[in-house]
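Engineer: curious how this folds, go ahead:
(2 chains)
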Number of protein chains: 2
Amino acid sequence: MDFVDIPLNKATRLLNHGPLVLVSTTDGQTANACAVAWCAPAGRDPARFVMILGQGHKTYQDLKATGDCVLNLPTADALEQVMVCGKKSGHDGDKLGPAGIELLPSQKVQSPRLACCSAWIETRLWAEPKWDEAGPSLLVVEAVAASCRPGLMSEEHFVDLARFPTLHHLGSNRFVLPGEEIQA
Amino acid sequence: MDFVDIPLNKATRLLNHGPLVLVSTTDGQTANACAVAWCAPAGRDPARFVMILGQGHKTYQDLKATGDCVLNLPTADALEQVMVCGKKSGHDGDKLGPAGIELLPSQKVQSPRLACCSAWIETRLWAEPKWDEAGPSLLVVEAVAASCRPGLMSEEHFVDLARFPTLHHLGSNRFVLPGEEIQA
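Structural biologist: Model prediction:
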């Protein structure tokens, strides 16, 4: 599949507008992915991202064990795969293979890229700042490689959301796609 | 101005889809606000949010001093005010008054609500997890009151983005509004 690499200091542009991501990991044997709406950039250069993950989740455990994950950016055509990743638990065995969710090798991390997505940010765990023993974890990851489908990012590093409509989670099974662009 | 209160455990629904917020604060004398695209829910009940703020910013300093801030949700009609809050520094004196950005009293915190916005989450600083001495701060705030304009949130607690189009920051002076909704 065709893709182009993105300068790392432009990687936050992929998530600046608040889309949902699929976070993929591996335990060394089996790949896993979960849907994460609660993820935001946390620094531009180096490009870092903060996300919230429950410590009981397979994704969290894989990420802590390998020290890496991929933030995969799904677009509207990947809604079905997003629901698989969001609803099933990685603890119940491979959820990707049976659902036909294909993996692509990453450039710099063990965690695979998901072929159903349109952009990929390979990251390494950078920090897990402590804030609430009882709650979910805040994880800060740092980009080490980033790519997208040809045309997703313009030469000025803006995402083309008309061609690649990202998914924004409203709650439950409802999502909104990007619409009109405006300029100030 | 009319508004309705939102149950606190539904407050994350206002930001779940990744819009930009205006974070308002006060130093006791002068109110201030800045535009923050890097903000995400961090817990549903209690409703918490994580955001990234530079420590040199007036907003950061106010928030640390008073211990509170309001996450104001602007919609497309407030683009001009968003640009004022995003471009000017609070250290250069009052940026809200001269721009005609009106304040509303909050219910539970010192920081004011911004009248140009369509929903408001009053929060108290809950934690500032340490992660990078050289970088910006990760701040976790907890909702103590939340309201919205009538009709913005349905009885099932979904935001009506057709009527209240939130702003999603693409970078620079470019934003995208929500478009079509889809259901899985």
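Engineer: could you list the low-pLDDT ranges of chain A?
Structural biologist: Flagging of chain A using pLDDT under 70 yields an empty set of residue ranges.
Engineer: and the strand of greatest length in chain A, what does it pack onto?
Structural biologist: For chain A, the strand with the greatest residue count under DSSP state E is strand A:137-148. In this structure, strand A:137-148 makes packing contacts with strand A:4-5, strand A:47-53, helix A:58-66, strand A:68-73, strand A:119-127, strand B:137-148, judged by 3 or more Cβ pairs under 8 Å, 6 or more residues apart in numbering or on different chains; DSSP states H and E. Just so you know, the C-beta spots here come from the backbone N, C-alpha and C atoms, and that holds for glycine as well.
Engineer: give the next helix or strand downstream of it.
Structural biologist: Sequence-wise, the next helix or strand downstream of strand A:137-148 (DSSP states H and E) is strand A:168-171.
Engineer: I'd say A:W38 and B:C39 touch.
Structural biologist: No - A:W38 is beyond contact range of B:C39, at 10.3 Å (criterion: Cβ atoms under 8 Å).
Engineer: okay, which residue is most central for chain A?
Structural biologist: Nearest to the centroid of the C-alpha atoms of chain A, with distances taken as Cα atoms, centre = their mean, sits A:L71, at 2.3 Å.
Engineer: got a list of what that one touches?
Structural biologist: Taking Cβ atoms under 8 Å, 6 or more residues apart in numbering or on different chains as the criterion, A:L71 is in contact with A:L15, A:V21, A:L22, A:V23, A:C39, A:F49, A:W120, A:I121, A:T123, A:V141.
Engineer: and it, how far is that from B:A35?
Structural biologist: From A:L71 across to B:A35, the span is 23 Å (Cβ to Cβ, to the nearest Å).
Engineer: any idea how far stretch A:129-142 is from the chain center?
Structural biologist: 17 Å (Cα atoms, centre = their mean, to the nearest Å).
Engineer: again, but for stretch A:20-29
Structural biologist: Taking mean C-alpha positions (Cα atoms, centre = their mean), stretch A:20-29 and its chain are 9 Å apart.
Engineer: where does chain A get nearest to chain B, residue-wise?
Structural biologist: Nearest residue of chain A to chain B, counting by Cβ to the nearest Cβ: A:G18, 1.4 Å away.
Engineer: with adjacent residues omitted, what lies nearest to that residue?
Structural biologist: By the measure of Cβ to Cβ, 6 or more residues apart in numbering or on different chains, the closest residue to A:G18 outside its immediate chain neighbours is B:G18, 1.4 Å from it.
Engineer: for the one you found, what are its contacts?
Structural biologist: A:H17, A:G18, A:P19, A:A37, A:A40, A:H168, B:A40, B:H168.
Engineer: check the secondary structure at it for me.
Structural biologist: Assigned state for B:G18: coil (three-state reduction, DSSP: H, G, I helix; E, B strand; the rest coil).
Engineer: I'd guessed A:S106 sits against A:P112; true?
Structural biologist: Yes - applying Cβ under 8 Å as the test, A:S106 and A:P112 come out as touching, 6.0 Å apart.
Engineer: who touches both of those two?
Structural biologist: Contact criterion Cβ under 8 Å, 6+ apart; residues shared by A:S106 and A:P112: A:V70.
Engineer: quick check, A:L79 in a strand?
Structural biologist: No - the assignment for A:L79 is helix, going by three-state DSSP, so no strand is present there.
Engineer: just give me the neighbour total for it.
Structural biologist: Number of residues near A:L79 (other Cβ atoms under 10 Å in any protein chain shown) recorded here: 17.
Engineer: wait, it sits on B:I182?
Structural biologist: Yes - with contact taken as Cβ under 8 Å, A:L79 and B:I182 are classed as touching, separated by 6.6 Å.
Engineer: list the residues that contact both of those two?
Structural biologist: Contacts common to A:L79 and B:I182, judged by Cβ under 8 Å, 6+ apart, are A:F175.
Engineer: most neighbours among the contacts of B:G18, which one?
Structural biologist: Top of the contacts of B:G18 by neighbour number is A:G18, holding 28 neighbours under the definition other Cβ under 10 Å.
Engineer: for that one, grab phi and psi.
Structural biologist: phi 90, psi 30 (degrees, to the nearest 10).
Engineer: residue contacts, the residue lying closest to A:D2 once chain neighbours are set aside?
Structural biologist: Nearest residue to A:D2 in three dimensions, chain neighbours excluded: A:P150, at 5.4 Å (Cβ to Cβ, 6+ apart). Going by Cβ under 8 Å, 6+ apart, A:P150 touches A:D2, A:F3, A:V4.
Engineer: also A:G86?
Structural biologist: By Cβ under 8 Å, 6+ apart, the contact set of A:G86 is A:C34, A:A35.
Engineer: could you look up the SS state of it?
Structural biologist: In terms of secondary structure, A:G86 is helix; the call rests on three-state DSSP.
Engineer: and it, how far from A:G93?
Structural biologist: For A:G86, the distance to A:G93 equals 17 Å [Cβ to Cβ].
Engineer: all good on my end, thank you.
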